[in-house]
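Undergrad: quick one: sequence and predicted model below, then my questions.
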Amino acid sequence: MPKQPLLQFTGKSIYCAVADVHIDPWIPVGRAIITHAHSDHARWGSRHYLAHKDSEPILRLRLGQDIDLQTVQYGEKFMINGVKFSLHPAGHIIGSAQVRVEYQGEVWVASGDYKLEDDHFAMPFEPVKCNVFITESTFGLPIYKWQPQQQVMSEIDDWWAQNRADGKASVLMGYSLGKMQRILKNIQLQDSVIYAHGAIYTVNERLREAGFELPELTLVTKETDRKLFRGALVLAPPSADGTTWIRKFAPYSVGYCSGWMALRGAKNRRAVDQGFVLSDHVDWPDLNRAVRETGAEKVYVTHGYTSIYARWLNENGIDAAEVNTMYGNEDENEEEETVQDASVGQDAYQEHKQELDRAVSADKDGTEP
Amino acid sequence: MKQFADLFMNLDRTNKTNAKVDLMKNYFLTASDDDKLWALTLFTGRRPSFKVNRTQVKEWAAGEAGIPMWLFQESYHSVGDLGETISLLLPRTSIGGSDKSLAEWFRYLGMLPGMTDEQKRDHIIQAWMQLSQHETFVFNKLLMGSFRIGVSQTLVVRALAEATETDSNVIAHRVMGQWDPLETTFEQLILDKGENDNASRPYPFFLAYPIEGDVADLGEASDWFAEWKWDGIRSQIIYRNKELFIWTRGEELSTEKFPELHFLGEVLPEGTVLDGEIVTYINGRPMPFNVLQTRIGRKNLSKKVLEEAPVAFLAYDMLESNGVDIRGLTQAQRRTQLEALHANVPAQSYFNLSPLIDFKDWQTLRDLHPQSREHIAEGFMIKRRVGTYQVGRKKGDWWKWKIDPLSVDAVLIYAQKGSGRRAELFTDYTFAVWGDDGKLVPFAKAYSGLTDAEIGQVDYFIKRNVLEKFGPVRTVKPELVFEIGFEGINESTRHKSGIAVRFPRILRWRKDKKAEEADSLGSLREILGNYK
C-alpha cells in the first residue's frame, strides 16, 4: 500500500490523518491548529483549538471567549499521536505561524499567510527547512514588487501632513487586524489623538489589554465633536468606504492600504484619493526567496495565483501542484465586521467585555459558565 | 516628462470633472509651449504612429524582466493594460525619472520608424532604463496608444479656454480638423486669431440631448421643427478653396470613403459647410445602418460594394455660407438658406434634404413615433426654430426622441476581465439565448450598463462559478439573466446564432428570472422578421 501523505487537502482543511489534526479548517472539526486569527483561516465551531499565544486575544474575540484553546510559543514542540508539531513565525500578523509537522523523518510546513519583511509588530518570518512546503500565492505574479516598508510609511506621513495643512481629516483604510497595527507601529504619530472606527478600536483595545504595546485610540462615536476631525488621522476598515459613517469627517481625504493598490485599475475602482501599496503578504521576489530557502523538494500552492505560480515553480525545477482552498477572502472578513456606526461597534465591544468578565468570574468560582 | 506623467496619473485618478479641468488648466499654464502642443495632440486623439509591433515590444519587455512569455501574458491579463504591465515587470533601474521633456521624448520616438528591429529594441530598452515606473507607463502609452483617461475633448477645450482666457467655442473650433504637431506650434494653433485658418477645418458638431419626460414639456409645438433621426454617419461637408472635405463626427477626414459625394465639389458654392447624415440610399429610400456597415472600414471600395451600398447625404443644417460663419443665425434662417442652396443644385439622388415633418401638435408626433423603424429612423430630432447652432452637447435647443431599443433576456455564459479602471474585475460578458436544440447559443457581447455595485456582485458570482478557462476567458455557470438591449439586428453568417445585433448593452439585471426563463433564438428571429 502506498504511504499516505503526511498532510492532505481534504476539501475542508489541511489534514494530518496520523495525528487526526486539521490545520485552518473551514468547517467545524474536533482538533484544529490555527495559523492566524484572520477569519478565512480561523473559523468558528471546532471543539478544540491550538494556536500561538499571541493569537489568543483576537481568536477569543472573534470565535468566542469560551472556545477550548490551547496556546504555544514559537518553536515549542508538542506531540500528537506520535506526530511532532511546532509553530514558527510567519510575519503576517500578530501571532501568525507556520505549522511544522514531522513524522518518521519527513517534514512538512503549512505556512498560512506570510511576509518576509519585519513589520515591527508581528514576530518576523523564520525560514523553516522542510521536504514539503505549502505556500500561499496571493500576489504570485511578477508584477507585484513591494517598496520597502519605510518608504510607504513616509508616504503616509506626507499625506497626513498635507491633509493637516489643508485642514482635512485623513481617513486611512486597511484591514483592522494586521495592517492597522503595522501602520501604528511605523508612522510618525505626532503625539496627536488618533481616531478609529469600532472594528479597529475593538481589536486595538483587545491587544492592549493583552499587554501589547500599541497607542491608545479614540473611538469615533455619534457624540464626537466633528470639529476635532480636522487635520486628524482616522483609522477605518475597508468596509466603511461609501457608508454614511465616513461623511462625518468632511472635509476628508481617503487613503487605502493594500497590495492591490499596485494596480491602477484597482486604485481607480476604489476611487480613493491615495492608494498606499502595503501588503502583509509576500511579493513575487520574496515568495520565490521563501520557497527557495525552505529547500523543499515539493511545493503545494494554495490561495492566489495558484496555477500560475505552480507552473512557474515546475519550470524552474521545483515539483509543484496547485490546491484549491477556501483561504484568501480577507475582504470578506472585513464585510463581517461592517459597522455602520461606531457606536454599534462600542456596544459590541462592551458586550464582549462583559462576557469576558463573566467567564473570568465563573472560572474563579469554579462553576460551569 | 515628469510633469506630464504626473498630470496623466492625476487625471487617471480622479473622476471629478472639475478636478480634471483644473489639472489640465494648471498644466497648460505651466508647461512649455512645445510640451503643451504634444499634450494637446494626445488628448485630442492625434498620437502619431511609430510603427512598432506590439508582439515584439512584449517580447523585449519579457526578456528584460527575465520571465517567459506565458507569464508575461498572465500578468497582462491581470493588469489589463499593456503599458502598465510592462512598467510593473521591468527591473527598476531609475527611481528619480528622466529630465527629458515630453516633446523631447516624442522626438526620440520619432527616430523609430527608420530603424531596424534590433535598433528599435535597443532604442526602447534604453528609454525604459531612464524612466521611473509611472513614466515608463506613460512612455508606453506614447509608444503604443491607446490614450483613454476619461478626458473628453470638451474638457480639454474648457481647460485650454480657461488657461488662455479665450472663448471656449473658439478653442473648440481651433483644435478641430487636420493639424500636425510637427508642422505647427502651440502659438499658431491656439493663440492665432485664426485668419489663416486651415481650409479643411470643420466646426464642432452641435449634439442633442435625449428628451426626458413627455415631448409636450418642450412647450408650444409651433416653436419647433421635427425631422427623422437618421441611423447613419453624422458628417460635415466642407467646400472651401475649391476643395471638398468630408468629416465624420469622430473627427475623421473621410473624403475618400464616399466617392458618390465628390460631385458636390463641382456644384457647391465656394465657402459652404453643411451638416447632415450619410446613409445608404437605394431607390430613393435610406437603408438600415447594417447596409452601410458593409463598406465602413474597407480600404478598397470595389465596384460591387459601391453598387450594393451606395450612399447619399441627407443635409439638415448649414453652418457656413459664402465663407461666412452663420451658426449664429436661427434654425429657421439656416434652414431657409439650406433649402435655397439645395434648390440651386441640379437634381440627383446623392444629395437630399432631410425633410421636415409636418405636424400641428405633439399628438401628431406621438402617433408617428412608433413608425420610426419603418422609416429606417431611430426616432425624431426636435429643433427649436429660433435656436442657434451651438458647440457640443448642450441642453435646450436640440433634442433627440429615440425609440426604445430592441431587447431580449439572455444568460451570462462567458466572462473576461476588463481593463483600466476595471482591471481584475470580470466586466466583459458574453450572453446567450436558448437555441433550437435546447442549448445556449452566444449572440452578443456587452460590457456597459451595470452600476459599479452590480459589477461587484456579478464579479463575485463569476469568481465562484467558473466552469472552464480558455486563456483570459472564463466559462461561467449559466445562471444570471440580463435584459440586453440593441439598436439593430441583422442576419449574419459569421455568428453561430446566425444573427448579429448592433450596439448591444445591458439594460438591467433580471434577478427575478432563472436561466430557463431567458429568451430563445426564436424570439430573436421574430424581432429580425419585424425589423426587416
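TA: Perfect, thanks for sending it.

Undergrad: could you list the low-pLDDT ranges of the chain?
TA: Answering for chain A, as no chain was given. A:1-2, A:269-271, A:328-369 (pLDDT under 70).

Undergrad: sorry, I should have been clearer: chain B.
TA: B:146-150, B:192-197, B:297, B:419-423, B:448, B:471, B:530-532.

Undergrad: hang on, isn't A:Lys53 packed against A:Gln70?
TA: No: the pair A:Lys53 / A:Gln70 is not scored as a contact, 9.6 Å apart, by C-beta atoms under 8 Å. C-beta here means a position set from N, CA and C on the backbone, and glycine is covered the same way.

Undergrad: out of those two, which sits in the busier spot?
TA: Per other C-beta atoms under 10 Å in any protein chain shown, whichever of A:Lys53 and A:Gln70 has more neighbours is A:Lys53, with 16 against 13.

Undergrad: is the closest residue to that one other than its chain neighbours in a bridge, and if so with what?
TA: Distances taken as C-beta to C-beta, 6 or more residues apart in numbering or on different chains place A:Thr71 nearest to A:Lys53, at 3.9 Å, with adjacent residues excluded. For A:Thr71, the beta-bridge partners are A:Ala51 (DSSP bridges).

Undergrad: against B:Asp275, how distant is A:Thr71?
TA: Distance from A:Thr71 to B:Asp275, counting by C-beta to C-beta, to the nearest Å: 79 Å.

Undergrad: so which residues of the stretch 251-369 of chain A form strands?
TA: In chain order, the stretch 251-369 of chain A shows strands spanning A:252-257, A:274-276, A:298-304, A:319-322, with DSSP state E, counting those that start in this stretch as the criterion.

Undergrad: make JSON lines out of the ones you listed and add distance to chain B and mean neighbour count.
TA: Formatted as JSON lines, the strands of the stretch 251-369 of chain A follow (distance: least, C-beta to the nearest C-beta, whole Å; neighbours: other C-beta atoms under 10 Å in any protein chain shown):
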{"stretch": "strand A:252-257", "distance to chain B": "12", "mean neighbour count": "22"}
{"stretch": "strand A:274-276", "distance to chain B": "8", "mean neighbour count": "22"}
{"stretch": "strand A:298-304", "distance to chain B": "11", "mean neighbour count": "22"}
{"stretch": "strand A:319-322", "distance to chain B": "12", "mean neighbour count": "16"}
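
Undergrad: just tell me which of the ones you listed ends up closest to B:Gln119.
TA: Closest approach to B:Gln119 among these (C-beta to C-beta): strand A:274-276, 37.7 Å.

Undergrad: neighbouring strands - and their directions - for the closest one?
TA: The pairing partners recorded for strand A:274-276 under DSSP bridges are strand A:252-257 (parallel).

Undergrad: ok now the partner strand, how far from the chain's centre?
TA: Relative to its parent chain, strand A:252-257 has a centroid offset of 20 Å by C-alpha atoms, centre = their mean, to the nearest Å.

Undergrad: cool, stretch B:55-75 as well?
TA: 31 Å.

Undergrad: for it, measure first residue to last.
TA: 15 Å (C-alpha to C-alpha, to the nearest Å).

Undergrad: surely B:Gln61 meets B:Ser87?
TA: Just so we're on the same page, residue B:61 is Ala rather than Gln. No: using C-beta under 8 Å, B:Ala61 is not in contact with B:Ser87, being 9.1 Å away.

Undergrad: pick out the residue in chain A sitting closest to chain B.
TA: A:Gly265 (2.8 Å; C-beta to the nearest C-beta).

Undergrad: now for that residue, how many residues are close by?
TA: Residues lying near A:Gly265 (other C-beta under 10 Å) number 22.

Undergrad: thought it was touching B:Ser78?
TA: No: taking contacts as C-beta under 8 Å, A:Gly265 lies outside contact range of B:Ser78: 9.4 Å.

Undergrad: neighbours of the spatially closest residue to B:Ser75 that is not a sequence neighbour, just the number please.
TA: In this structure, B:Ser75 finds its nearest non-sequential neighbour in A:Ile143, 4.8 Å apart by C-beta to C-beta, 6+ apart. By other C-beta under 10 Å, the residues close to A:Ile143 number 23.
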